[in-house]
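Asks: no sequence on this one, just coordinates:
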């Protein structure tokens, strides 16, 4: 505004150079964009190939592993990342699978071997019985022998079924506080006749009030198998001793015998299925090598531990350690018992 009068100023400049530069940039972008996309794609493919190469190697190695070569392992990349942890996890899984398959294969072979022996005996008795005419008394003796072998096979099959149910996790425990000393006496009473036949003596040294939270059906089976084993393999006119006491926050049930003992190299393996220190002696006693395996399973199910040691004077001592019941569990069990008796 000059002297009160408004004025407007217009300035103009040519834009031809600007539009020409814009067109050149668009042309350059149009020509270079495909090249950039191709380069980026190739670079991305190369980078992803290098990044995923360990995954491909793991996949190829995993595809090559079957039940025939479960001992093979994946190559673990030293990358300290997720791939290394994945490879190590898969290798540990393969180790567990390999161990399980080996146990199942050994279990199947041992079970077949155990069943083959009584079947061969039954067949031999039957063939001898029909080979020529015999007296009724001889036929009765042959049938009795065959029935004994059938009973042995039946017991073996029943035990195998129980172990298979245990492996499948189909057995559930019903825990209740139980006086371990009284449980040991009850089991010993059920096997007293077997000890009397061998002129053996069962002795007890049980501390009172040692309660453990156990299943009243499962744990006695473990004690029965251990005590039965001690009676069978102890000499006639010997002593089998049962001790129950507290050891810290655990309960100890020890069963000692005067038998031949167990060599140190076999003290872990005797709890394996079908394992026998002396094959001939075990078969003479009618054992299938499953009693101690069931005992270990039953103790493990209760969170306990079973071991065997050499006694100072000779023989073996099986030691079963179990967690003690809490005072609350014992009180609840006593109240429940009183209610039942009152009802």
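Replies: That came in fine, so what should we check first? Treat the numbers as computed from the prediction; the structure is a model and nothing was measured.
Asks: pLDDT weak spots in the chain?
Replies: 1-2, 107, 110, 113-114, 167-170, 277-288, 328-343 (pLDDT under 70).
Asks: count of residues packed around residue 221?
Replies: 17 (other C-beta atoms under 10 Å). Bear in mind the C-beta positions are built from the backbone N, C-alpha and C, glycine included.
Asks: With residue 227 instead?
Replies: With other C-beta under 10 Å as criterion, residue 227 counts 25.
Asks: Wait, it touches residue 191, no?
Replies: Yes. Using C-beta atoms under 8 Å, residue 227 is in contact with residue 191, at 5.7 Å.
Asks: which residues are in contact with whichever strand or helix holds residue 241?
Replies: Element membership of residue 241 [criterion: DSSP states H and E] is strand 239-247. The contact list for strand 239-247, computed with C-beta atoms under 8 Å, 6 or more residues apart in numbering, reads 180-181, 184-185, 188, 195, 200-207, 210, 227, 230-231, 234, 251-258, 321, 324.
Asks: Tell me which of the residues you listed fall in strands.
Replies: Among the contacts of strand 239-247, the members found in strands (DSSP state E) are 201-206, 251-256, 321.
Asks: Buried residues, the strand holding residue 241. List them.
Replies: Within strand 239-247, the residues scored as buried using 16 or more other C-beta atoms under 10 Å are 240, 241, 242, 243, 244.
Asks: what do you get for stretch 262-277?
Replies: Applying 16+ other C-beta under 10 Å to stretch 262-277 flags 262, 267, 270, 271, 272, 273, 274, 275, 276, 277 as buried.
Asks: Now which of the contacts of strand 239-247 would you call buried?
Replies: The neighbour count (16+ other C-beta under 10 Å) marks 180-181, 184, 188, 195, 200, 202, 206, 210, 227, 230-231, 234, 251-258, 321, 324 as buried among the contacts of strand 239-247.
Asks: what's the offset of stretch 210-217 from the middle of its chain?
Replies: 22 Å (C-alpha atoms, centre = their mean, to the nearest Å).
Asks: If you count neighbours, what's buried in it?
Replies: Result for stretch 210-217 [16+ other C-beta under 10 Å]: buried residues 210, 211, 212, 213, 214, 215.
Asks: okay, these in a markdown table with distance to residue 25 next?
Replies: Formatted as a markdown table, the buried residues of stretch 210-217 follow (distance: C-beta to C-beta, whole Å):
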| residue | distance to residue 25 |
| --- | --- |
| 210 | 93 |
| 211 | 90 |
| 212 | 87 |
| 213 | 83 |
| 214 | 86 |
| 215 | 84 |
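Asks: List just the nearest of these to residue 109.
Replies: Of all those, residue 215 has the smallest distance to residue 109: 31.4 Å, by C-beta to C-beta.
Asks: what's near enough to touch that closest one?
Replies: Counting by C-beta under 8 Å, 6+ apart, the residues that residue 215 touches are 173, 174, 175, 176, 301, 302.
Asks: neighbours around the closest residue in space to residue 171 that isn't next to it in sequence, how many?
Replies: Among residues not flanking residue 171 along the chain, residue 165 sits closest, at 5.6 Å (C-beta to C-beta, 6 or more residues apart in numbering). Per other C-beta under 10 Å, the neighbour tally for residue 165 reads 11.
Asks: Which residues belonging to the helix or strand harbouring residue 165 are considered buried?
Replies: In the assignment (DSSP H and E), residue 165 maps to helix 136-167. Within helix 136-167, the residues that count as buried by 16+ other C-beta under 10 Å are 142, 145, 146, 149, 152, 153, 156, 159, 160, 162, 163, 166.
Asks: Starting from residue 157, give me the distance back to residue 103.
Replies: 19 Å (C-beta to C-beta, to the nearest Å).
Asks: An error on my part: the question was meant for residue 232.
Replies: Taken as C-beta to C-beta, the span from residue 232 to residue 157 is 21 Å.
Asks: which ones are touching residue 209?
Replies: Counting by C-beta under 8 Å, 6+ apart, residue 209 has contacts residue 179.
Asks: can you do 10 Å?
Replies: Shown here is residue 209, whose contacts under the criterion C-beta atoms under 10 Å, 6 or more residues apart in numbering are 179, 180, 181, 246, 330.
Asks: Let me know the closest of the residues you listed to residue 294.
Replies: Lowest distance from residue 294 to the contacts of residue 209 (C-beta to C-beta) belongs to residue 180, with 18.6 Å.
Asks: on that earlier part again, turn the buried residues of strand 239-247 into TSV, including distance to residue 29.
Replies: As requested, these are exported to TSV (distance: C-beta to C-beta, whole Å):
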residue	distance to residue 29
240	97
241	97
242	94
243	93
244	91
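Asks: contacting residues for the closest residue to residue 134 other than its chain neighbours?
Replies: Once flanking residues are discounted, residue 134 sits nearest to residue 142: 7.7 Å by C-beta to C-beta, 6+ apart. Applying C-beta under 10 Å, 6+ apart to residue 142 gives the contacts 122, 125, 126, 128, 129, 130, 134.
Asks: in terms of contact, does residue 86 touch residue 76 like I think?
Replies: Yes. If you go by C-beta atoms under 10 Å, residue 86 and residue 76 touch, sitting 9.3 Å apart.
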